[in-house]
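Enquirer: Quick check, what structure comes out for this input:
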Amino acid sequence: MTDAPRPLLIHSNSYDDPAMLHASGFLATDPFTYLETNGHRVILTSALEAGRARKQSRATAIREMDEFGIQALLRETRSWDEAYAAALDRFLAEYGVRDALVPREFPLYLAELLRKRGVKLEVAPKLGEQRRRKTAAEIAAIEETQRATEAGFDEALRMLRDADVAGDRSLVLDGKPLTAERVLAEIEVTMLERGCVADDTIAAGGPHAADPHQVGTGPYRANEAIVIDIYPQSRRSRFFADMTRTVCRGEPPDEIVRMYDITLRAQHEGIAMVRPGVTGKEIHERIEDLYFDAGYGTTREGQRRPGVPSFIHGLGHGVGLAIHEAPSIGRSGVQPLEPGDVITIEPGLYLEGLGGVRIEDMLVVTETGARNLTRAAKVLRLDSG
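Expert: Residues are numbered from 1 along each chain as shown. Below you'll find the predicted structure:
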């Protein structure tokens, strides 16, 4: 006979908290409480949201704060925090819960108020692991977001191809300098038209691309590499996608060509290793060795090479309701991959003063290997439109 799982308690809004959305299936901008215990999945919310929660959530019961005297408690305490904690204490007591697991992000103020009332709370280990194995419907939602990602990338390519090259090698489109800001705006509009939001998209050209998360600014120039990394979230399903390509309008420097060729090879080798049972750490370290053997640096002890292009980040990450979630495809990725994991493989090289190269695809782990969810071509040199 096994012990029953300990109750799970979450308090947050599900727009910002993937754990809450995954558990409750209910999308709301205001914080609410979710309790999972003894087969019950219960949402505690306001009267404002109760009706919608009954129609849309996966909860087995919807309870309203008024049932637990929130109005009287508010008059008594004159503090919303104190009143809500008292109402939540009554709610938990009704379900016999005096001991619960909570996410790492559980509000500290609420935890302290509940503990004062005798409720024992502990952080739930590996709560994010519960979202790893994606269902067929979840994979389809991620693919839908990925198609929007590729549409945004196509718009960026169109602008780069249609641009003229001025005498100083700057790119000019429709009589105005083609800047990172213009490309980023077009990508964002394309995402919105397809029901997605793309915050902090990267379109960094030339030396700006030496910093992997530099979003890019200012005019583009011919013969410089541009790293375009788009990772939007669907407004409907809330699932993310993630893709990076490196392109160049004109003839890239020889060093960029070498960096691109070895990075494309690294990605092919990384993708070929993806299958159940392999760890992210194993894949990441194989790609570190490939780069190091080719004369480049990494961040692993004994593989640092200052002043040469280097691989300075993890090889990839899980993707789902969060843009970065389990499993890690990096040095911390010690858990074996499982069917249903959706991951990225994104090797890259960077050199201050020159720029960077990164290529990223998104894959789903299958029973026998992996299926690539990314369709966009990988082409460094762009011809004019």
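
Enquirer: burial of the closest residue in space to Leu127 that isn't next to it in sequence, as a residue count?
Expert: Nearest residue to Leu127 in three dimensions, chain neighbours excluded: Pro103, at 5.4 Å (Cβ to Cβ, 6 or more residues apart in numbering). In short, each C-beta sits where N, CA and C put it, glycine included. Counted by other Cβ atoms under 10 Å, the residues lying close to Pro103 total 18.

Enquirer: show me the contacts for Pro103.
Expert: Shown in contact with Pro103 (Cβ atoms under 8 Å, 6 or more residues apart in numbering): Ile10, Ser12, Asp17, Ala19, Val123, Ala124, Leu127.

Enquirer: try 10 Å
Expert: Shown in contact with Pro103 (Cβ atoms under 10 Å, 6 or more residues apart in numbering): 8-12, 17, 19-20, 23, 123-124, 127-128.

Enquirer: Repeat that for Leu351.
Expert: 207, 209-210, 255-256, 259, 296-297, 307-310, 357.

Enquirer: can you check Ala163 too?
Expert: By Cβ under 10 Å, 6+ apart, the contact set of Ala163 is 170-174, 176-178, 182, 220, 222, 249, 382, 384-385.

Enquirer: Check what pLDDT Gln130 gets.
Expert: Gln130 is assigned 89 on the pLDDT scale.

Enquirer: wait, doesn't it sit right on Ala326?
Expert: Yes. Between Gln130 and Ala326 there is a contact at 9.2 Å, judged by Cβ atoms under 10 Å.

Enquirer: So for those two, which residue has more residues nearby?
Expert: Shown here are Gln130 and Ala326; by other Cβ under 10 Å, Ala326 has more neighbours (20 against 13).

Enquirer: Surely the more buried one is in a strand?
Expert: Yes. Counting by DSSP: H, G, I helix; E, B strand; the rest coil, Ala326 falls inside a strand.

Enquirer: Let me see the ranges of the strands in the stretch 101-250 of the chain.
Expert: With DSSP state E, counting those that start in this stretch as the criterion, the stretch 101-250 of the chain has strands at 120-123, 164-165, 171-173, 176-177, 196-197, 202-205, 225-230, 233-234, 243-249.

Enquirer: Leaving out sequence neighbours, find the closest residue to the residue most central in space within the chain.
Expert: In the chain, the centroid-proximal residue (Cα atoms, centre = their mean) is Ile323; its distance is 0.5 Å. Spatial nearest neighbour of Ile323, chain neighbours left out: Phe240 (4.6 Å); criterion: Cβ to Cβ, 6+ apart.

Enquirer: Just list whatever residues bridge to that neighbour.
Expert: Using DSSP bridges, the bridge partners assigned to Phe240 are Gln233.

Enquirer: thought it was touching His324?
Expert: Yes. At 9.0 Å, Phe240 and His324 qualify as touching, with contact defined as Cβ under 10 Å.

Enquirer: Neighbour count: these two, which is higher?
Expert: Between Phe240 and His324, Phe240 has the larger neighbour count (other Cβ under 10 Å), namely 26 against 15.

Enquirer: What separation do you get for the more buried one and Thr217?
Expert: 24 Å (Cβ to Cβ, to the nearest Å).

Enquirer: One more: Gln335?
Expert: 38 Å.

Enquirer: Which one's more surrounded, these two?
Expert: More neighbours surround Gln335 than the other of Gln335 and Thr217, with 16 against 13 (other Cβ under 10 Å).

Enquirer: ok, for the more buried one, nearest residue in space, not its chain neighbours?
Expert: Pro327 (5.5 Å).

Enquirer: Disregarding residues adjacent in the polypeptide, which is nearest to Asp30?
Expert: Nearest to Asp30 is Asn13, by Cβ to Cβ, 6+ apart, at 5.8 Å.

Enquirer: Just want the phi and psi numbers for the one you found.
Expert: phi -100, psi 150 (degrees, to the nearest 10).

Enquirer: What is the neighbour count of it?
Expert: Asn13 has 14 neighbours, counted by other Cβ under 10 Å.

Enquirer: again with Leu48
Expert: Count around Leu48 with other Cβ under 10 Å applied: 11.

Enquirer: Do I have it right that it meets Asp30?
Expert: Yes. If you go by Cβ under 10 Å, Leu48 and Asp30 touch, sitting 8.0 Å apart.

Enquirer: for the residue located most distally from the centre of the chain, what are its contacts?
Expert: What lies farthest from the middle of the chain is Glu76; by Cα atoms, centre = their mean that is 42.9 Å. By Cβ under 10 Å, 6+ apart, the residues touching Glu76 are Gly69, Glu82, Ala83, Ala86.
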